[in-house]
Every structure is written in C-alpha cells, then in structure tokens.
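*Asks:* have a look at this fold, sequence not included:
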C-alpha cells in the first residue's frame, strides 16, 4: 500500500468512495472540485493505492488559518473503502496528513467527526487524537444550489 497525490484519473474511484462516506456526488462535480484544489498550496488530496494502483482510500486536507491561533491542518474528509477497512489504510492516510502538516509548519491536525460515526471516533483515539470539545455546526445557504452539509 502506498500514498500519493490524487490524480484526475482517480475521479471515478474518488466519487465512489465519497458515496461510501455519505456524500454522493457526480464524477463531473468531483472532477471540477479536484481540478480547483490541485494547484492550491494550502490544499491537498492524497489517495492510498494498492499494488494494482487501485484507490482504496482518500484524504482531503487544507491549512486552516484562524486569527486566534497558529495554523492547523484540517481534515476535510477521510474515507477507506468498506471492503478494505481494518488494514491500516486510514492510519497511513492520517500519517500522511501529519507529515503534510509538519511540512507546512502547522501545529497540529484538526478534524471534525459526526456524533454518529462512533467507529471513526475510536479509530482517531487509537491514533492519539483526542476529543477536545462538543459543538454545534451551523450552516446557511447563500446560493440556490447549496445543500445542507451533514
């Protein structure tokens, strides 16, 4: 198993995995988002691939620069193919996130996880992450096409 930056050729597999994560989308929409992120230095999408170069998971990251603290790397999304879970792929992707954070002089890696993703919480705690607070997330659509995030 290895980790590399996502490529446009990965879009069909990324799209299928996004649906497994609970965020169905079209290949065209995901391709457009990936194309927009690829040239950005403060964003990254990495994929875990097996020996046949089949994508088994992905992680989407960005540098979060709040005014009140030093920069953090935010995990925007992490998913491992349901058929491949428990094989260390998620850990490999999270290790890549931590490396990417150090490469950008960020003080840590930050993520949010829905209260209903109990198995994910155990996974993150196993990797040394700790729940630092409980909060509400608010959203207001500013375009007609906006969908309420989960």
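*Replies:* Happy to help now that I have it. Keep in mind that this is a model prediction, so the values were computed, not measured.

*Asks:* mind checking the longest helix of this structure?
*Replies:* Longest helix of the chain, by residue count under DSSP state H: helix 89-103.

*Asks:* so for the following helix or strand past that one, what gets flagged as buried?
*Replies:* Per DSSP states H and E, the first helix or strand lying C-terminal to helix 89-103 is strand 109-111. Using 16 or more other Cβ atoms under 10 Å as the test for burial, strand 109-111 gives 109-111. To be clear about C-beta, it is placed using only N, CA and C from the backbone, and glycine gets the same treatment.

*Asks:* also stretch 55-68?
*Replies:* For stretch 55-68, by 16+ other Cβ under 10 Å, it's 55-64.

*Asks:* contact partners of the longest helix of the chain?
*Replies:* 1, 3, 44, 46, 48, 56-59, 61, 72-73, 75, 78, 80-81, 108-109, 123-124, 127 (Cβ atoms under 8 Å, 6 or more residues apart in numbering).

*Asks:* what about the residues you listed, which are in strands?
*Replies:* Taking DSSP state E, the ones among the contacts of helix 89-103 that sit in strands are 3, 44, 46, 48, 56-59, 61, 72-73, 75, 78, 80, 109.

*Asks:* so where's the protein shaky on pLDDT?
*Replies:* Residue ranges of the chain with pLDDT under 70: 148-150.

*Asks:* residue nearest the centroid of this structure?
*Replies:* residue 77 (2.4 Å; Cα atoms, centre = their mean).

*Asks:* how much space between it and residue 16?
*Replies:* Noted for residue 77: a distance of 14 Å to residue 16, by Cβ to Cβ, to the nearest Å.
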